[in-house]
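Visitor: could you look at this predicted model? Sequence included:
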Amino acid sequence: MGKHATIAAITPRLVDEETAAAYVGRGRTKFREDVAKRLLPSHSDTNGNVKLWDIRLLDAYIDRRSGFGDTSTGWDA
């Protein structure tokens, strides 16, 4: 067992494109189109050649679309 074996399940802060697309309810193609149109935030980081999206920025997008709370400090502020 690794040294982190006793840590509870961790929700990742950064997710790959497929996971990010599913998280916001899009297919990969529509997700890419919306990112290109700046309707969705672009990737926040990379791991080698894998683009990674920040869950909190995706949450800010969803909050803004649903009118939930003050998102004035959202991803595109």
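Guide: Looks like it arrived, so ask away.
Visitor: need the pLDDT of Ala9.
Guide: What the model reports as pLDDT for Ala9 is 81.
Visitor: just checking, it is part of a helix?
Guide: No - read with DSSP: H, G, I helix; E, B strand; the rest coil, Ala9 is coil and lies in no helix.
Visitor: going forward, begin numbering at 22 instead of 1
Guide: Taking 22 as the first residue, the last one we looked at is Ala30.
Visitor: how many other residues sit next to Arg59?
Guide: 10 (other C-beta atoms under 10 Å). Glycine gets a C-beta too; all of them are placed from N, C-alpha and C.
Visitor: could you check how far Val71 is from Ala57?
Guide: Relative to Ala57, Val71 is positioned 18 Å away (C-beta to C-beta, to the nearest Å).
Visitor: likewise Thr40?
Guide: Plainly put, Thr40 is 19 Å away from Ala57 if you go by C-beta to C-beta.
Visitor: and the strands in the protein?
Guide: For the chain, the strands defined by DSSP state E cover 35-37, 66-68, 71-75.
Visitor: out of those strands, which gets nearest to Arg86?
Guide: Ranking the strands of the chain by proximity to Arg86 (C-beta to C-beta) places strand 71-75 first, at 15.9 Å.
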